[in-house]
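**Q** The sequence isn't on hand, but the structure is:
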C-alpha cells in the first residue's frame, strides 16, 4: 500500500514537468502574445515599442529557452508576475521595500472559487443522493419520472438564463438578495459577522445555479448504479435472508453505485479550482474561471502557466484519490489498481 | 433489436429522437422561411402566427433556424459523443483489463489531457484548422473522452476478478471475447449516462467553438449559437433562449430514455 | 435530513436579514434643486483596470478612472478644441519646432507638494526611457530636447514641425517626480496607489470588485460637487442593467436593445433615469486587402460600396442608434469634410461597375465571374456581436449583386497575429477611432505597411502620402483643416474601405444626478462631470446592506 502510494507520488514530478512543457508549447502555438492584445491595435502604439516590450518580457527568445527560464523560477516556487495585470504576482503576495503589499492573483481568486464550488458540491450531494435513491426505489413510477425530468431540466436549462431570471426575481422585483458582486456597498463599515453574512447572501444564487446543472449527473449515476445492483442475485438473497430493506439499500446497493461516483468526484477535484466564466461574469465574482479565461485571451503567459500548474497538480491528486477510493470502496479493485 | 423495440422506454426515446431527426432532415421542406432570410423590419418579434418561435436580432425566423440548426446540433452531438465514447471505451477497457503498466500509461495520458483545459487546447489549433463541421466534431470528440475512459476502467477493474470472468478465462476465452462479450455489457450503465449528458454538452461546446473561431460560422444556425445569441437579448427576447433550451432538453430526455432501454436490453444482469 | 433543515433555516434567516430599501418617490426626482456638494455616485465598469498609470495600462477602463485622478498639460473642451489644463497657455515658435508651455500658478499634488514643470519633464523622461513598458512612447521620442527652465515653464523642441504634438501633450498624464523618482515605474506600487492632481484621489480598490475615489482637496482645477465616485466592476451588461433597475448603481452605458426596446416599454425606468446619446469615438468599416485581386480594382471596391446599404446596417445592428460616416472623422467636428456624404445604396450601379471591371455571371450560377473565376471571398472579423451581424448583412447585400461571401469570426489575438499581421486575409470588418487629432499617418501612409504596422490593408496613394506628410508639418488649424478635408475626399474616391457606421454611446444616469448637459456636446456628457451634483434629499442611503 505505502509502496504504491510512494510510487504514485514519485510519478507526479515527471508528470508535472511533462504537462507544463506541453502546456507551454500549446500556449505558444496559439498566435499572439501580450503585445498583440495590450494596445495591439492602437495606432499610437508603434511596432518598435512593441518589439521592445517583447524583449523586456523575454518573448523574443526561443520557446524552449523561455520554458527553461520559467522552470528555473518554478523550481524556487516563484510563479512570477502577470504581464497584463501590471506586474501583480501570479500566485502569492509580495512586499516591496516600501512595505507595500501586492496581493497574488490566484491567492485572491482561489478562495472565492473554492468556497462556491465546495458549497455547490455539498448542495449537489445533499440533493442528488436522495433524489437518485428515491428514483431507483420507485423505478419507472411517477416519482422516478418526475425526478428524472427535473434533473434534466436543471441540466439543460441555460445557466445564464436561470441566473438572470433569479437575479431579477430576488434582487429587482423583491429586494431579497443582492444581485451581483461579493460585498454590499458600505459593507466594510459592518461588523465581521455581518460582513460574513453579507458575503454569504451574495453567494446564494451563484452556488444554487452551479449546483442545479450538476444534479443530473450525480443523481443518474446513483439511480442507475443502484438499479443495477437491486436486480442482482445477492440482493435477492439478502432479501430472502430477511435483512431489513434499509440495510439492503444502504449497505449493499448504494455502496455498489459508489464506483462511478468516485470517478466523477475524482474528475471534479481539479474542477474545484476552475470556475465558470459565464457565471462569474454575470455575478461579477472575481474567481478563477474568469481569471484564466481573460489570461488566455490576453496571452498573459505567467498567469496561464500558474493556473495550469496548480490545476494539473490537483488533477493528479484527484485521480490518485479516486484510485485510492476505488480500492477502499471495492476490495476487488484493490488488487487491480495496485498491481 | 427486437428487445429494444419491445421496451416501452426505449421505444419512447427512439420515437422522440426519430421525430427530431425527421424534422432536421425535412427542414428544407417544412421550414416556413429561409433560415438566413434577413428582415430588418421584423427584428426581435415575439412568437406569433407568422413566426411561431419569434425572430432574432436580424429578423430571421427562429423556427426555421431551429429546424436547420437541428441538423448541425444533432450531428455534432451524436458524432462527437460517438468519437469520445469509442475512444473512452477502448482505452478504458484496455487499461482496466490488462492493468499494470498499460493502465499506468493510459491513466497518465488521461491525467495530461485532463490537466489542459479544452478551450485552451482548441485555441492552439484554430490557426491551423479551417472551420468545418467535421473539424468541430473531431475536436470535441478528441477532447472529451477522458471521463468515459476512467468510468470504464473503474468498472473493468471491479469486474475483472469476478467469478464469471475468471471462469471464462480458465475456459480459454480470448481477451477480445472477454472484453466485449463479458465485461463491456456489464459496464454499460455509466457509459450510457455519461454519453447522454455528453450529447447536450457537445451541443453547447459547439457554440463555444464558434466564439473561438472554429465553430459553425455565421449565418449558419445551430442550437448552440441561437442560444448564445439569446444571451445578448435575454432581457428583452426570452424566446431566443427558451426554444433552443427546450430543444436541447427534449433531445437529452429522448437519448436518456433510449439509453435506458438499450441498457435494459443489453445488460445481462437486468434480464 | 438535519442538513436540509439547517439549510432551510439558514436561507430563511438570510432572507429576513435583508430589508426593503426606502426609495425616493419618483415625482421628487423631476423637481428643481439648488446646487450643493456631497454625495456618492456609483457607476459600473465592464472591465477592471490593470493599473492607474494610463500610459502603461492602456485599457479604456484605466483611462476612465485615471482621467479623474491625473491631469495633462492640455485637454479638449466640450467642442473638442484644445485648451489648457495644467498649462495656462502655450506658444509655438516661428519655425514651428518648439512649444513652450506655461503652467498655471500654485499647482499642487494631492499630497500637498508643489506641482512644477520638473514633474512634466520627469514624466517625459519616464515615457521615453527604454526600460518603460509602454507601447505609447513613439510620440514623445520625437522630442529632441525637453527642458524646465523655471518651475512654471516647460519647453519641448522637435527636429521637424510635428502638428500632432499638441494632441500628445493632451493625453499624457503628468506624474509626481517627488514620489516616483528612483523607482522602477513598471513595478511601482504607484499604479495601485496613485497620487495625482485632478478632482479625485483613490480611496480604495478592491480587486475585481470596485474602485472608489474621493474628492482631492488640493485639486488643480477646483472642487468637484460630488464627493465620492465609486465604480463597481460588473462584466456582464445584463447584470449591470439589473443593478441599475434595482437602484444599486446610478449610471451605466446601455446597449441598443436596452435603450431602444426595454426603456420605452417600462415607464417606471423612464421615471427614474435620464437617457443620453453621444456619438462614440470609433467607426466600423469593411476593409479590403488591396494587395489581392479583385480588391486592387477601384471599380470593384466602389461596386461593393454601392451594394452595401449602410442605413440597413444601422437600423438592424444598432436599432437606428448610430450615424453613417463618410470620412474617418467625427461628423460635425472641424475635421469632417461636410461635402462628403455616404455612398448611396444602389445595387444597379454596383452591378454595372462590376461588369465594367469584367465581372458578370457568364456561367449562370448566380455568382459573377471573370476568366472562369467566380468572385468570392471571406470576411474576417473578431468576436463582437455587432461586427458579426454587420458581416451577415453585408454578405446578404453582396450576394444580391452576385458576389459570394463567407464569414469567419476569430478570437482577437489570433485575428491580429495570425491574419492581420501576416496579411493573410481578403476583407475584414473592424473599427478605427474617430480621434480628436486628425493625423492618420499610421493608418494610411504607404510607408506603414510592415507587419505589425497599421496600414495593413496596403493602401498606397502618393497624393494621400503627401497630404499626410504636410498635415503633420502644418500647425495652423485652418490650413490643417483644408489638408484633411482633401485627404478625406481622396479616400472617399479611392474607397479602400467601406465606411459603415459610428455608433452612439448610450449612458443612462439616475435622475438624482443633476447638472448634466442634454443634448450632449461633441465631447460627450462627461466634459463637465465635476459640475454634476446630487441634492442631499435624493442621495442614496450610504450603508445599504443589500
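**A** Looks like it arrived, so ask away. Everything quoted here is computed from the prediction, not taken from an experiment. Residues are numbered from 1 along each chain as shown, chains lettered A, B, ... in the order given.
**Q** C-alpha only now, for contacts and for neighbours.
**A** OK.
**Q** Okay, residue A:80 and residue A:25: tell me how far apart.
**A** 18 Å (CA to CA, to the nearest Å).
**Q** out of these two, which sits in the more crowded spot?
**A** residue A:80 (21 against 15; other CA atoms under 10 Å in any protein chain shown).
**Q** hang on, isn't that one packed against residue A:71?
**A** No. If you go by CA atoms under 8 Å, residue A:80 and residue A:71 don't touch, sitting 10.8 Å apart.
**Q** Look at residue C:155 and give its secondary structure.
**A** strand (DSSP: H, G, I helix; E, B strand; the rest coil).
**Q** That one contacts residue C:144, doesn't it?
**A** No. Contact criterion CA under 8 Å: residue C:155 and residue C:144 do not qualify, at 10.8 Å.
**Q** Who has more neighbours out of these two?
**A** residue C:155 (21 against 13).
**Q** Now that one: closest residue in space that isn't a chain neighbour?
**A** residue C:100 (4.4 Å; CA to CA, 6 or more residues apart in numbering or on different chains).
**Q** tell me which element that neighbour is part of?
**A** strand C:98-103 (DSSP states H and E).
**Q** now do residue C:49
**A** Per DSSP H and E, there is no helix or strand for residue C:49.
**Q** That one reaches residue C:59, doesn't it?
**A** Yes. Counting by CA under 8 Å, residue C:49 touches residue C:59, with 6.6 Å between them.
**Q** and these two? which has more neighbours close in?
**A** A side-by-side neighbour count of residue C:49 and residue C:59, using other CA under 10 Å, places residue C:49 first with 27 against 18.
**Q** residues in contact with the more buried one?
**A** A:85, C:57, C:59, C:60, C:61, C:62 (CA atoms under 8 Å, 6 or more residues apart in numbering or on different chains).
**Q** and chain B, which of the residues you listed contact it?
**A** Filtering those for proximity to chain B by CA under 8 Å from any CA of the partner chain leaves nothing.
**Q** Tell me where the longest helix sits in chain A.
**A** Taking DSSP state H as the criterion, chain A has its longest helix at helix A:192-230.
**Q** one step back: OK, contacts around the residue nearest to residue C:155?
**A** Contacts of residue C:100 by CA under 8 Å, 6+ apart are C:90, C:91, C:92, C:93, C:153, C:154, C:155, C:156.
**Q** Which residues are in contact with the last one?
**A** The one in question is residue C:156. C:98, C:99, C:100, C:143, C:144, C:145, C:146, C:147.
**Q** Buried among these? Need that as a selection in ChimeraX.
**A** Buried residues among these (16 or more other CA atoms under 10 Å in any protein chain shown), as a ChimeraX selection:
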select /C:98,99,100,143,146,147
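**Q** any chance of the contacts of residue C:156 in a markdown table, with pLDDT too?
**A** Shown next, in a markdown table, are those (pLDDT from 0 to 100):
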| residue | pLDDT |
| --- | --- |
| C:98 | 93 |
| C:99 | 93 |
| C:100 | 94 |
| C:143 | 92 |
| C:144 | 91 |
| C:145 | 91 |
| C:146 | 93 |
| C:147 | 92 |
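**Q** Quick check: residues of chain B near chain C?
**A** Residues of chain B lying near chain C (CA under 8 Å from any CA): B:38, B:40, B:43, B:57-58, B:127, B:210-214, B:217-219, B:232-236.
**Q** Kindly apply the preceding question to the stretch 151-300 of chain A instead.
**A** Neighbours of chain C within the stretch 151-300 of chain A, by CA under 8 Å from any CA: A:164, A:167-168, A:171-172, A:175-182, A:184-187, A:189, A:197-198, A:201, A:281-286, A:297-299.
**Q** picking up where we left off before, can you name the next helix or strand after the strand holding residue C:100?
**A** helix C:117-128.
**Q** What angle do strand C:98-103 and that following helix make with each other?
**A** 130 degrees (axes from the mean of the first three to the mean of the last three CA atoms, to 10 degrees).
**Q** Tell me which residues of helix C:117-128 come out buried.
**A** Those would be C:117, C:118, C:119, C:120, C:121, C:122, C:123, C:124, C:126, C:127, C:128, for helix C:117-128 by 16+ other CA under 10 Å.
**Q** How far does it sit from its chain's centre?
**A** The chain centroid and the centroid of helix C:117-128 are separated by 25 Å under CA atoms, centre = their mean, to the nearest Å.
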